[in-house]
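Visitor: Generate a structure from the sequence data that follows.
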Amino acid sequence: MKFKYRPVDIDFFERAPVRFVNQVELDASPTDVFTIFEDAEAWAEWLEIIVNLQWTSPKPHGVGTTRTVKGKFLTVNEYFFVWEQNKRFAFYFTEASLPLAQAFAEDFRLEDLGNNRCKFIYTVCLEPNLLMGLGGPFIRKYYEELFHKATQNLAKYVRDKNAKNNCV
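Guide: Numbers count the residues shown, from 1 in each chain. Purely as a prediction, here's the structure:
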């Protein structure tokens, strides 16, 4: 069964009722990190809840791109409504196998720090539904830990990738 999610716009990241923001500095250029984001196979390496990711739109990716992400607990279809190559992208869920929220969106931003480094700012926003409302603090704590860990895992993935490339 698939559950529909409400489309959002860029303002959702400022006005959403539930908002998670995490950031980490990465030892890679924004271009290198964006290459990781575009690599369907890399996602399961650093975002542990992902089992499989499939781009459902052809390259080059941009606004209007779609993809399907199969996670350990659910499958979601996503629509990209922001795409600034090597700087930022944002998407919202169009539908999912579980009714997690009424609206759910993620924003991935990269700020160039120079010297082959960048800051990754990861924002996840949602509009809760009744189910999330009932689980309130427990579900929020789970999400908080999940998204924080994702940023830390990406930093580790980048470090490991750099170490591997320097050994070759």
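
Visitor: Show me which residues of the lowest-mean-pLDDT helix or strand in the chain are buried.
Guide: Here the helix or strand of the chain ranked lowest by mean pLDDT, DSSP states H and E is helix 130-167, holding a mean of 86. Neighbour-count burial for helix 130-167 flags 132, 139, 143, 147-148, 150-151, 154-155, 157-158, 161 (criterion: 16 or more other Cβ atoms under 10 Å). Using the backbone N, CA and C atoms, a C-beta is placed for each residue, glycine as well.

Visitor: Likewise for stretch 29-49?
Guide: 29-30, 32-34, 36-38, 42-47.

Visitor: Could you find the closest non-adjacent residue to the residue nearest the centre of the chain?
Guide: Taking Cα atoms, centre = their mean as the criterion, Glu106 is the residue nearest the geometric centre of the chain, at 5.3 Å. Distances taken as Cβ to Cβ, 6 or more residues apart in numbering put Val124 closest to Glu106, at 5.0 Å, once the chain neighbours are dropped.

Visitor: Dump whichever strand in the chain runs longest to PDB, restricted to CA.
Guide: Assignment by DSSP state E gives strand 101-114 as the longest strand of the chain. The C-alpha coordinates for strand 101-114 follow below in PDB (Å, rounded to 0.1, in the frame of the first residue of the first chain):
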ATOM      1  CA  ALA A 101       3.900  12.300   8.000                       C
ATOM      2  CA  GLN A 102       1.600  14.500   5.900                       C
ATOM      3  CA  ALA A 103       4.700  16.200   4.400                       C
ATOM      4  CA  PHE A 104       8.400  15.200   4.500                       C
ATOM      5  CA  ALA A 105      11.300  17.000   2.900                       C
ATOM      6  CA  GLU A 106      15.100  17.000   3.000                       C
ATOM      7  CA  ASP A 107      17.600  19.700   2.100                       C
ATOM      8  CA  PHE A 108      21.300  19.000   1.300                       C
ATOM      9  CA  ARG A 109      23.500  22.100   1.200                       C
ATOM     10  CA  LEU A 110      27.200  22.300   0.700                       C
ATOM     11  CA  GLU A 111      29.300  25.400   1.600                       C
ATOM     12  CA  ASP A 112      32.800  25.600   0.200                       C
ATOM     13  CA  LEU A 113      35.300  26.200   2.900                       C
ATOM     14  CA  GLY A 114      38.300  26.200   0.500                       C
END
